[in-house]
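>>> Requesting a structural model of the entry that follows:
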Amino acid sequence: MKLIVGLGNPGKKYEKNRHNVGFLAVDYLIQKRNARKINSSFKGDLYKTSDFLLLKPSTFMNLSGESVVLVKNYYKIDNEDIIVIHDDIDLKLGALKFKRGGGHGGHNGLKSIDKHIGNDYYRIRIGVGRPKSKEEVIDFVLSDFKEEELECIYPLFEKIDAAVDDIKNAPSKYTQKEC
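A predicted model of the protein is given here:
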């Protein structure tokens, strides 16, 4: 059994934030794969298909690891069977990158997960663009996507859907046409 974790912040206020692109991707997978909700007692909402558990932590981004470790330990899931989907400001809007392990790059959700389970898990990084200055990062990731940006992001979810079945052999990078 694989665990797919979408990173984001709970609540309507954050629904279409750049930081919530992991939640948006997991919502797509839940619908596409007809996942059913099985539990909310892991500090998040947990869904199940025949092959996957899908998790949307309700701990807010900075504490995502608390939710992930609870599911990992309860279901005895190895790190190599964990896939975390998250936003990445170091990738252009519409870019997608698959990798295993590595640093957190300053991403607080990944920092939390690394603290609780280590960093040897798969990541699907979704490019959300970059603000003009470092001082704008927090406001930028907590801002909503524009409609035309979402039109660029939504097609990536189909690529993610195809990749999660065989993440070990997924191409390292996929770039959508310029957005």
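>>> Secondary structure element holding residue 10?
Take DSSP states H and E as the rule and residue 10 turns out to sit in neither a helix nor a strand.
>>> can you pull the pLDDT of it?
Residue 10 is assigned 95 on the pLDDT scale.
>>> give me phi/psi at it?
phi -70, psi 150 (degrees, to the nearest 10).
>>> Can you show me the helices along the protein?
21-32, 64-75, 108-117, 137-141, 147-164 (DSSP state H).
>>> Let me have those helices in TSV, extended by mean pLDDT, mean neighbour count and distance to residue 85.
For every residue, glycine as well, the C-beta is placed using N, CA and C. Shown next, in TSV, are these (pLDDT from 0 to 100; neighbours: other C-beta atoms under 10 Å; distance: least, C-beta to C-beta, whole Å):
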stretch	mean pLDDT	mean neighbour count	distance to residue 85
helix 21-32	98	21	4
helix 64-75	98	20	11
helix 108-117	97	21	10
helix 137-141	93	14	15
helix 147-164	94	16	7
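>>> Please convert these to a markdown table, extending it with distance to residue 173.
As requested, the helices of the chain are exported to a markdown table (distance: least, C-beta to C-beta, whole Å):
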| stretch | distance to residue 173 |
| --- | --- |
| helix 21-32 | 17 |
| helix 64-75 | 24 |
| helix 108-117 | 18 |
| helix 137-141 | 21 |
| helix 147-164 | 11 |
